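**Student:** need a structure here:
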Amino acid sequence: MAKEKQHRVQINNKKASFEYEFLEQYDAGIVLVGTEIKSLRAGKASLQDAYCYFSGGELYLRGMNIATYFWASAWSSHEPMRDRKLLLTRRELRHLAQAVKTKGLTIVATRVYIADNGYAKVHIALAKGKKEFDKRASIKEGHQARDGARIAMPARKSIPAELPSPEIIDIAALRQACRSGETDLVVVLGPTASGKTRYAVELARELAPAEIISADSRQVYRGMDIGTGKDLGEYGEVPRHLIDILPAGAQYNVFEFQKDFIRAYADIRGRGAAPILCGGTGMYISAVTSGYDFVNRTAHSSARTPAVREGLPSRPFFIGTLVSREVRNARIDRRLDARLQEGMVDEIRGLLDGGVPAGTLISYGLEYKFVTLHLTGQLSYDEMRQKLAVAIHQFAKRQMTWFRGMERSGVRIHWTEVR
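**Tutor:** Coordinates of the predicted model:
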């Protein structure tokens with residue numbers, strides 16, 4: 001039987017204690033592959049949709065999302081949502097397998113942690129679902145604990161982070177810099193719903209000849225149009241790259257993106273056009289502007305490697321699309337409702353019917369996660385819409401955190417207001 005202990009890296013399933021009463025608890029080992037342990041040590045995992053099941057006398061964990069490791073290469077990356085075998089003694093397995101045959105009993109994963117010996121462990125519980133009055137008691141206890149904490153702690157006023165100061169971009173000077181070679185890549189970045197694509201297309205026309213390379217981790221997939229907001233009609237005559245290059249369900253990572261970017265970048269420059277990188281996936285942007293040599297597995301800033309890997313830009317000019325939080329959140333909500341009306345649910349239903357696993361769609365996050373949970377009966381339509389809106393607001397905030405982190409590391413971003 002497991003004993004409670006605090007560990008340095010611990011990922012909790014917060015809703016487990018609310019939904020279930022724990023009868024017995026165990027610490028299980030878990031079989032990991034590739035870079036999964038590195039992602040766990042970085043805290044990049046979620047148990048929110050995880051559950052345990054028996055197959056062939058062995059216990060497996062399904063639905064745990066271990067995010068792809070940032071520096072993973074193509075051959076060492078992992079499938080975020082794959083089923084993972086749990087390790088218990090034969091006696092414990094036989095006992096639990098017999099116990100779950102009792103109506104109302106199940107096995108839930110309550111947390112994942114890194115033990116003192118460096119191995120990953122999963123804390124599991126034999127549990128039964130709570131009745132409504134049990135849940136109300138849990139809510140009451142939680143409220144009482146939070147109320148006590150508020151009394152004990154001095155009140156703190158929440159002060160939102162200050163937005164960067166906007167600039168007016170000198171397009172004529174930027175055009176001249178691109179033509180002279182002073183700037184070898186223009187980067188248009190910003191949080192979701194900030195008007196990046198529209199701005200990049202307008203900029204491409206001003207800098208013509210110019211072409212756009214997408215830096216969006218989900219727009220690479222064919223058939224994922226409404227949920228990713230490809231808005232292909234906005235591009236008009238402006239050529240675009242790294243959109244619709246893979247079938248939905250395929251795996252793609254930052255290593256593959258860097259290789260594809262190098263090819264597209266060389267092609268555009270070879271024809272005398274100005275390349276514009278546009279997107280909100282900060283990891284992809286960093287990988288090609290100040291990133292990593294995935295072949296030698298060393299940072300470009302390392303003394304053992306050249307300052308810039310061959311084929312990557314060395315003189316990028318960064319433009320950030322800036323809108324207030326209030327405007328951004330209002331745009332997110334309007335856009336979400338518009339996409340739902342356009343048929344986003346039917347689009348994702350078609351992907352499921354076409355054979356894309358639900359776990360893979362959930363691993364794509366945001367629209368594909370919450371609509372899939374709705375289509376598989378885990379969320380009502382109203383719950384899906386409400387949770388998805390909140391998740392997109394939070395995602396936009398994390399994007400801005402990434403971009404401000406780039407600035408703290410020395411990247412100069414020229415923020416400009418986009419109406």
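
**Student:** now residue 339, what's its secondary structure?
**Tutor:** Three-state call for residue 339 (DSSP: H, G, I helix; E, B strand; the rest coil): helix.

**Student:** could you pull up the contacting residues of the closest residue to it other than its chain neighbours?
**Tutor:** Distances taken as C-beta to C-beta, 6 or more residues apart in numbering place residue 226 nearest to residue 339, at 5.2 Å, with adjacent residues excluded. C-beta here means a position set from N, CA and C on the backbone, and glycine is covered the same way. Residues in contact with residue 226, defined by C-beta atoms under 8 Å, 6 or more residues apart in numbering, are 339, 342, 343, 344, 347.

**Student:** go again with 10 Å.
**Tutor:** Contact partners of residue 226, counting by C-beta atoms under 10 Å, 6 or more residues apart in numbering, are 338, 339, 340, 341, 342, 343, 344, 345, 346, 347, 348, 367.

**Student:** that one and residue 249: what is the separation?
**Tutor:** 17 Å (C-beta to C-beta, to the nearest Å).

**Student:** same thing with residue 102?
**Tutor:** From residue 102 to residue 249 the distance is 37 Å (C-beta to C-beta).

**Student:** pick out whichever of those two has more residues nearby.
**Tutor:** Counted by other C-beta atoms under 10 Å, residue 102 and residue 249 do not tie: residue 249 has more neighbours, with 16 against 10.

**Student:** and for the closest residue to the more buried one other than its chain neighbours, the neighbour number?
**Tutor:** Take residue 249 and drop its neighbours on the chain: the residue closest to it by C-beta to C-beta, 6+ apart is residue 356, 4.1 Å away. Number of residues near residue 356 (other C-beta under 10 Å) recorded here: 22.

**Student:** residue 356 against residue 224, yeah?
**Tutor:** Yes - counting by C-beta atoms under 10 Å, residue 224 is a contact partner of residue 356 at 9.4 Å.

**Student:** give the residues shared as contacts by these two.
**Tutor:** By C-beta under 10 Å, 6+ apart, the residues touching both residue 356 and residue 224 are 247, 248, 249, 348, 364, 368.

**Student:** go ahead and list the helix or strand containing the residue lying closest to the fifth one once chain neighbours are set aside.
**Tutor:** Take residue 364 and drop its neighbours on the chain: the residue closest to it by C-beta to C-beta, 6+ apart is residue 218, 5.8 Å away. When elements are assigned from DSSP states H and E, residue 218 belongs to no helix and no strand.

**Student:** any idea how far residue 218 lies from residue 252?
**Tutor:** Counting by C-beta to C-beta - residue 218 and residue 252 are separated by 9 Å.

**Student:** and what of residue 393?
**Tutor:** For residue 393 relative to residue 252 (C-beta to C-beta), the value is 25 Å.

**Student:** residue 315: neighbouring residues, count only.
**Tutor:** Neighbours of residue 315 (other C-beta under 10 Å): 13.

**Student:** just the pLDDT for the residue sitting furthest away from the middle of the chain.
**Tutor:** Residue farthest from the centre of the chain, counting by C-alpha atoms, centre = their mean, is residue 91 at 38.9 Å. Per-residue pLDDT puts residue 91 at 94.

**Student:** from residue 102, how far off is it?
**Tutor:** Distance from residue 91 to residue 102, by C-beta to C-beta: 18 Å.

**Student:** in PyMOL, select just the buried ones from the shared contacts of residue 356 and residue 224.
**Tutor:** In PyMOL, this line selects whichever of these come out buried by 16 or more other C-beta atoms under 10 Å:
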select buried, resi 248+249+348+364+368
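
**Student:** out of the shared contacts of residue 356 and residue 224, list just those in helices.
**Tutor:** If you go by DSSP state H, the shared contacts of residue 356 and residue 224 have 348, 368 in helices.

**Student:** turn the shared contacts of residue 356 and residue 224 into TSV, including distance to residue 239 and pLDDT.
**Tutor:** Converted to TSV, those look like this (distance: C-beta to C-beta, whole Å; pLDDT from 0 to 100):
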residue	distance to residue 239	pLDDT
247	22	96
248	23	95
249	27	91
348	29	97
364	26	90
368	27	95
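
**Student:** output the shared contacts of residue 356 and residue 224 in JSON lines; the columns should cover distance to residue 419.
**Tutor:** Output for these, formatted as JSON lines (distance: C-beta to C-beta, whole Å):
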{"residue": "247", "distance to residue 419": "37"}
{"residue": "248", "distance to residue 419": "33"}
{"residue": "249", "distance to residue 419": "38"}
{"residue": "348", "distance to residue 419": "31"}
{"residue": "364", "distance to residue 419": "30"}
{"residue": "368", "distance to residue 419": "30"}
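
**Student:** of the shared contacts of residue 356 and residue 224, which is the nearest to residue 130?
**Tutor:** Among the shared contacts of residue 356 and residue 224, residue 368 lies closest to residue 130 (C-beta to C-beta), at 30.1 Å.

**Student:** that closest one against residue 351, yeah?
**Tutor:** Yes - counting by C-beta under 10 Å, residue 368 does reach residue 351; the two are 8.0 Å apart.

**Student:** which residues do these two both contact?
**Tutor:** With C-beta under 10 Å, 6+ apart as the test, residue 368 and residue 351 both reach 221, 224, 227, 248, 358, 360, 361.

**Student:** list only buried entries from those.
**Tutor:** 221, 224, 227, 248, 358, 360, 361.

**Student:** touching, the first one and residue 351? I think so.
**Tutor:** What it means is residue 221. Yes - Residue 221 lies in contact with residue 351 (C-beta under 10 Å); the separation is 9.2 Å.

**Student:** any common contacting residues for those two?
**Tutor:** With C-beta under 10 Å, 6+ apart, residue 221 and residue 351 have common neighbours 227, 248, 249, 364, 368.

**Student:** those residues in strands, which ones?
**Tutor:** Residues of those located in strands (DSSP state E): none.
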